[in-house]
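Colleague: Got a predicted structure here, sequence first:
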Number of protein chains: 2
Amino acid sequence: MRAMLVRDVSEFGLIDILSRALRGPPSCDSGLLVGIGDDAAAWRPRSGVTVFTTDTMVEGVHFDLEWMGWAALGRKSLAVNLSDIAAMGCSPSYAVVTLGLRGDLPVDGLTAMYEGLAEAARGYGCAAVGGDVVGSPVFFVGVAALGSAERPEAILTRSGASPGEVVAVTGRLGSSAAGLRLLRSGSPGCGAAAGRLKEAHLNPRPRVAEGRALAEAGVSAAIDVSDGLVADLEKLCRASGVGAELDAYSVPVDEALRSTFPDDWLDLALGGGEDYELLFTAREEVVERAAAVVDAPVTVIGRTVDRGEGVRALGPSGVPLDLRLRGWDHLGAMGRP
Amino acid sequence: MRAMLVRDVSEFGLIDILSRALRGPPSCDSGLLVGIGDDAAAWRPRSGVTVFTTDTMVEGVHFDLEWMGWAALGRKSLAVNLSDIAAMGCSPSYAVVTLGLRGDLPVDGLTAMYEGLAEAARGYGCAAVGGDVVGSPVFFVGVAALGSAERPEAILTRSGASPGEVVAVTGRLGSSAAGLRLLRSGSPGCGAAAGRLKEAHLNPRPRVAEGRALAEAGVSAAIDVSDGLVADLEKLCRASGVGAELDAYSVPVDEALRSTFPDDWLDLALGGGEDYELLFTAREEVVERAAAVVDAPVTVIGRTVDRGEGVRALGPSGVPLDLRLRGWDHLGAMGRP
């Protein structure tokens, strides 16, 4: 028996099926007044501050069903949004999901995707409360998400850095880009190492608790590493009006990255994207305090300098590297037909 | 000199250009803490109730650049979201915009689109505070929008109708579907009448003030007419657990619809979509009260009955019409390759 496809069901039938996948024990619905199935979701807002972000994944640009499973697609489409909320030092609260669907997609795949998304949401105290389903010749999954913090002063922005601070990062960088390279090449890679890299690309974990802890510790500015370390550091520096020196060889990487890509590991760590780690600036003693409470490795990788010095990556001898580093420019990569 | 295309600029350059188009005198930023250009927008929420919705327009499915101008596309992509907020009896507050972009789209067109969107937002007391730009082989525009009401009791849902109420609608129906038919056929139509119909499709006005007034007047349930009158009435009835009888020939239509489509006007009024009028239920005296304060025509078009009687459209003699009426099922129409 052939699997049921999107084109076999009506829009309203599909929405019913998918809505059921989103239901389950919601974890933040104490104030929820209207959930899925009305013109809009409704709730009583928490006082303090609300943050709002959106991110979309397009088939062939951000994922390929050949190598990305349905549940992982659901988790990641949410995770990339929660990472933005984490970078603001906030806790996620509500999300809505937009699906652009080809008629030949399997309904059970979409259901698994929604279940993966809903499960991930619950794990982060967030509830998927609605969405939109539209026909589209290319498959895409968009999420818009809200978060909150108790006090407006507690949120992190990109613009709070000053010269003379240190630059630090959570976790390890470059694994996601390396994993994507393996996934795209269809290469089985080398056992556990390749598996770790692929997993980093397929199942990124947004640093939600870590972002809140960094905000509490008093770091000055933060951004999540989505476009690549150097590109995102440049954005933070531009927003803050500072420059930065990066000690390239101090950037933390997984041993699996070094062993799998012995020639390219540094390029991947500096220029690869989709790590969804938090890049932040703070006075040195604040970073030490943060490192003691954050449940992730925290590594100092450089320092902020005056704006006029720009953003540079230094080699072991302190000489600037000419890596022609570039962030992942999805549009640059995909806008060309 | 060739126009600058999306593929000629970097992702970050494009975001800079588009962000400037969104700027301008914001109308609801009293509590805005962080606008465009950070990981997320941030503001102090109003107390009361928050509503959240999202809607996406896909090229070739919901619009065609052959007949839809850039500014109109921006306005409409926002309007369809504000219509959902209007149907909840709420005021719009903040929106984020997602663009899925082909490389061969003109940057000045996208700028005009953003300007149209921002201008429409300001007109409704809403601010566009961020978004996402991704490469995509098909062009799409998604908006996620928030709204608010002062008191949770004041919001309208689809689920509050009871048997024995009347069914009413704002404005006139079917013009948008008629306009789409003219636009798709490339037909010049007949002067002013055709112009009115096309305008109804291209520039729908969300009934924001009207939705608030209906909520204040105490109507029991509401939905916006996006999929078609009968389809949306069915959704309201299903959510409320009631049936409904529609007096088909009392459905208000523009004279331009009747004169341009003398054979099909009733089908277009009952089954066409994208009118973005408000369909609502209330006790008869509440409708009279609402009609006196709402700045739009309000027409009684039927009554709610017991659930078991379903949703029927009656002809002038009270005999059910067999119109095989169907809402616009975008997915049904487009999911088939």
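Modeller: All right, it came through fine.
Colleague: From now on I want contacts and neighbour counts done on CA atoms only, so please keep to that.
Modeller: Fine.
Colleague: in chain A, which residue is closest to the centre?
Modeller: Closest to where the C-alpha atoms of chain A average out (Cα atoms, centre = their mean) is residue A:80, at 3.1 Å.
Colleague: wait, that one sits on residue A:53?
Modeller: No - proximity of residue A:80 to residue A:53 does not meet the contact threshold set by Cα atoms under 8 Å, at 9.9 Å.
Colleague: For the residue nearest to the centre of chain A, identify the helix or strand it belongs to.
Modeller: Here residue A:80 sits within helix A:70-87, counting by DSSP states H and E.
Colleague: Smallest gap between the stretch 51-200 of chain A and chain B, at which residue?
Modeller: Closest residue of the stretch 51-200 of chain A to chain B, Cα to the nearest Cα: residue A:103 (3.7 Å).
Colleague: The closest residue to residue A:235 other than its chain neighbours: neighbouring residues, count only.
Modeller: Spatially, and ignoring its direct neighbours in sequence, residue A:235 is nearest to residue A:158 (7.7 Å; Cα to Cα, 6 or more residues apart in numbering or on different chains). Around residue A:158 there are 26 other residues, counting by other Cα atoms under 10 Å in any protein chain shown.
Colleague: what's the answer for residue A:120, then?
Modeller: When neighbours are defined as other Cα under 10 Å, residue A:120 has 22 of them.
Colleague: what does residue A:124 give?
Modeller: Neighbour count for residue A:124, taken as other Cα under 10 Å: 18.
Colleague: just residue A:75 next, same as before
Modeller: Burial measure for residue A:75: 23 neighbouring residues, criterion other Cα under 10 Å.
Colleague: Name all residues that make contact with residue A:188.
Modeller: With contacts defined as Cα atoms under 8 Å, 6 or more residues apart in numbering or on different chains, the neighbours of residue A:188 are A:182, A:194.
Colleague: For chain A, name the helix or strand with the lowest mean pLDDT.
Modeller: Of all the helices and strands that make up chain A, the one with the lowest confidence by mean pLDDT, DSSP states H and E is helix A:330-334; it has a mean of 39.
Colleague: picking up where we left off before, I'd guess the residue of the stretch 51-200 of chain A closest to chain B is in a helix, am I close?
Modeller: No - with DSSP: H, G, I helix; E, B strand; the rest coil as the criterion, residue A:103 is located in coil rather than a helix.
Colleague: give me the element residue A:15 is part of.
Modeller: Counting by DSSP H and E, residue A:15 is part of helix A:11-22.
Colleague: Please identify the buried residues of that helix?
Modeller: Within helix A:11-22, the residues that qualify as buried by neighbour count (16 or more other Cα atoms under 10 Å in any protein chain shown) are A:11, A:14, A:15, A:17, A:18, A:19, A:21, A:22.
Colleague: How about the contacts made by the third one?
Modeller: Spelled out, that is residue A:15. Residues counted as contacts of residue A:15 (Cα under 8 Å, 6+ apart) are residue A:133.
Colleague: do you know how far it is from residue B:267?
Modeller: Distance of residue A:15 to residue B:267, computed by Cα to Cα, to the nearest Å: 25 Å.
Colleague: host element of residue A:51?
Modeller: Under the criterion DSSP H and E, the helix or strand holding residue A:51 is strand A:49-58.
Colleague: what domains does the record give for chain A?
Modeller: Described in terms of automatic domain parsing, the domain architecture of chain A consists of the residue ranges A:6-154, A:166-334.
Colleague: closest to residue B:242 out of these?
Modeller: Proximity to residue B:242, assessed across those by Cα to Cα, is greatest for domain A:6-154 (15.7 Å).
Colleague: Work out the gap between the closest one and the centre of the chain.
Modeller: Mean-position distance between domain A:6-154 and its chain equals 14 Å (Cα atoms, centre = their mean, to the nearest Å).
Colleague: okay, how far is it across it, tip to tip?
Modeller: Criterion Cα to Cα; first-to-last residue distance in domain A:6-154 is 44 Å.
Colleague: Show me what counts as buried in stretch A:125-141.
Modeller: A:126-141.
Colleague: Give me the mean pLDDT for that stretch.
Modeller: For stretch A:125-141, the mean per-residue pLDDT is 94.
Colleague: okay, how far is it across it, tip to tip?
Modeller: Using Cα to Cα, the end-to-end distance of stretch A:125-141 comes to 21 Å.
Colleague: pLDDT below threshold where in the stretch 101-250 of chain A?
Modeller: A:189-190 (pLDDT under 70).
Colleague: Give me every residue in it that's in contact range of chain B.
Modeller: A:101-104, A:130-138, A:144, A:152, A:157-158, A:223-224 (Cα under 8 Å from any Cα of the partner chain).
Colleague: So the residue nearest to residue A:235 sits against residue A:241, correct?
Modeller: No - the pair residue A:158 / residue A:241 is not scored as a contact, 10.1 Å apart, by Cα under 8 Å.
Colleague: Just the ones in strands from the residues of the stretch 101-250 of chain A next to chain B, please.
Modeller: A:101, A:130, A:131, A:132, A:133, A:134, A:135, A:144, A:223, A:224 (DSSP state E).
Colleague: For chain A, just list every one of the helices.
Modeller: When secondary structure is read from DSSP state H, chain A shows helices at A:11-22, A:70-87, A:107-123, A:175-185, A:191-202, A:208-217, A:229-240, A:255-260, A:265-271, A:284-293, A:330-334.
Colleague: what's the closest of those to residue B:89?
Modeller: Proximity to residue B:89 (Cα to Cα) singles out helix A:11-22 among those, at 23.5 Å.
Colleague: Specify the angle between that closest one and helix A:107-123 in degrees.
Modeller: Interaxial angle of helix A:11-22 relative to helix A:107-123 (axes from the mean of the first three to the mean of the last three Cα atoms, to 10 degrees): 40 degrees.
Colleague: Also compute the angle for helix A:11-22 relative to helix B:229-240, please.
Modeller: Using the same axes, to 10 degrees: helix A:11-22 against helix B:229-240 is 30 degrees.
Colleague: Now do helix A:11-22, average pLDDT.
Modeller: For helix A:11-22, the per-residue pLDDT values average out at 86.
Colleague: pull the CA atoms of it into PDB?
Modeller: Extracted as PDB, the C-alpha positions of helix A:11-22 are listed here (Å, rounded to 0.1, in the frame of the first residue of the first chain):
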ATOM      1  CA  GLU A  11      -5.600  21.200   3.400                       C
ATOM      2  CA  PHE A  12      -8.000  21.000   6.400                       C
ATOM      3  CA  GLY A  13      -7.500  17.200   6.700                       C
ATOM      4  CA  LEU A  14      -3.800  17.700   6.800                       C
ATOM      5  CA  ILE A  15      -4.000  20.500   9.400                       C
ATOM      6  CA  ASP A  16      -6.100  18.200  11.600                       C
ATOM      7  CA  ILE A  17      -3.500  15.400  11.300                       C
ATOM      8  CA  LEU A  18      -0.600  17.700  12.000                       C
ATOM      9  CA  SER A  19      -2.300  19.500  14.900                       C
ATOM     10  CA  ARG A  20      -2.700  16.200  16.700                       C
ATOM     11  CA  ALA A  21       1.000  15.700  16.400                       C
ATOM     12  CA  LEU A  22       1.600  19.000  18.200                       C
END
